[in-house]
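Enquirer: What follows is a predicted protein model with its sequence.
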Amino acid sequence: MFPIVKLVQLENLDTDEIRDYRDLTDVVLRRLSEPAGGLYIAESTKVIERALRAGHRPRSVLTIEKWLPDIELLLVDQDPELPVYVGSAELLERLTGFNLHRGALASMHRPELKSVEETVAGATRIIVLEDIVDHTNVGAIFRSVAGLGADAVLITPRCADPLYRRSVRVSMGTVLQIPWTRLPDWPEGRDVLTRLGFSLAALALSPDAVTLDDYAANPPERIALVVGTEGDGLSRAAIAAADTVVTIPMMHGVDSLNVASASAVALYALLRR
């Protein structure tokens, strides 16, 4: 018996109440519907716990019966009328499109984004993601930001959604604790960051680039590290907007690292100073 939640036993999928959880593997569908619909999906009890700790409000929870004790503990301070949908593993896989082996999913109310000024207030090291479309890379970068101690993340208008299910999962829920918001396109984005006192460091291959070691040896007081999309790297507009172009020296004929790996290396070099 779980008195603190409103249990709804699912026997079939013919109910509109569970529409938040339908076909979660369709990336295009989720990218279009989640921000517009004001929701995001938190996957696993660990991620749900971090979302609740961040003050985010759940709309509902979806789980299988064996995870109910864990869900009860998580929801002890929530509205007792919050629906918790319970079904067999087979039924929930048909609903979501994947095996629900991480315990639970929660449909969460998406928090309103703050302004850039609010997001970076007091920050000295931030990272800007330009048009990164792979949700795994976005999540991995957020995890590096959290683990290495950077202050905030800004994303350009065409960047993948950090609150997409895969991004949240790969980040281990750190997208729910790291301040982030969207930055206007260049050159407006540069104007905003310059006005706030940031020096823009573009991580890119360029003949006039300085090495990461040299840049980190005497870094500016406030740095916005700008990293680009997986295939082409940073746009010409982003490089033109930068105060400095920085490169990571490579060996054995390799010209660059994956954007998530490069971000971690650069953040470590800049933050250890």
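Expert: Thanks, I have the structure now.
Enquirer: rest of the way, CA atoms for contacts and neighbours
Expert: Will do.
Enquirer: Break down this protein into its helices, ranges please.
Expert: For the chain, helices defined by DSSP state H occupy the ranges 27-37, 45-53, 68-74, 89-96, 116-119, 135-148, 165-170, 188-195, 212-217, 236-241, 259-271.
Enquirer: which stretches of this structure have low pLDDT?
Expert: Regions of the chain meeting the criterion pLDDT under 70 cover residues 1-5, 25-37, 255, 273.
Enquirer: coming back round to it: any idea which of the helices of the chain gets closest to Pro83?
Expert: helix 68-74 (11.7 Å; C-alpha to C-alpha).
Enquirer: Just list what the closest one packs against, helices and strands only.
Expert: Packed against helix 68-74, as judged by 3 or more C-alpha pairs under 8 Å, 6 or more residues apart in numbering; DSSP states H and E, are the following elements: helix 45-53.
Enquirer: for the residue nearest the centre of the chain, what are its contacts?
Expert: Centrality entry for the chain: nearest residue to the mean C-alpha point is Pro162, 2.9 Å, by C-alpha atoms, centre = their mean. Counting by C-alpha atoms under 8 Å, 6 or more residues apart in numbering, Pro162 makes contact with 135, 138-139, 168, 175.
Enquirer: Kindly report the same for Gly197.
Expert: If you count contacts by C-alpha under 8 Å, 6+ apart, Gly197 has them with Arg222.
Enquirer: Please tell me how far it sits from Arg125.
Expert: 11 Å (C-alpha to C-alpha, to the nearest Å).
Enquirer: what does Ile155 give?
Expert: Distance, Ile155 to Arg125, by C-alpha to C-alpha: 15 Å.
Enquirer: for Pro220, same thing?
Expert: 10 Å.
Enquirer: what do you get for Ala51?
Expert: Here the criterion is C-alpha to C-alpha. By it, Ala51 lies 24 Å from Arg125.
Enquirer: Looking only at stretch 54-68, what residues are buried by neighbour count?
Expert: By 16 or more other C-alpha atoms under 10 Å, the buried positions in stretch 54-68 come out as 56-65, 68.
Enquirer: go on, stretch 83-94?
Expert: The neighbour-count check on stretch 83-94 (16+ other C-alpha under 10 Å) flags 83-89, 91-93 as buried.
Enquirer: Equivalent analysis for stretch 70-78, please.
Expert: 71-72, 74-75.
Enquirer: tell me which of those is nearest to Leu100?
Expert: Each of the buried residues of stretch 70-78 was scored against Leu100 by C-alpha to C-alpha, and Ile71 proved nearest at 14.1 Å.
Enquirer: ends of stretch 170-183, how far apart?
Expert: Stretch 170-183 has its terminal residues 23 Å apart, counting by C-alpha to C-alpha.
Enquirer: do the same with stretch 240-254
Expert: First-to-last residue span, stretch 240-254, C-alpha to C-alpha: 25 Å.
Enquirer: who are the neighbours in contact with the nearest residue to Glu43 once chain neighbours are set aside?
Expert: Spatial nearest neighbour of Glu43, chain neighbours left out: Leu105 (4.6 Å); criterion: C-alpha to C-alpha, 6 or more residues apart in numbering. Leu105 sits next to 41-45, 48, 61-63 when contact means C-alpha under 8 Å, 6+ apart.
Enquirer: how about 6 Å then?
Expert: Shown in contact with Leu105 (C-alpha atoms under 6 Å, 6 or more residues apart in numbering): 42-43, 61-62.
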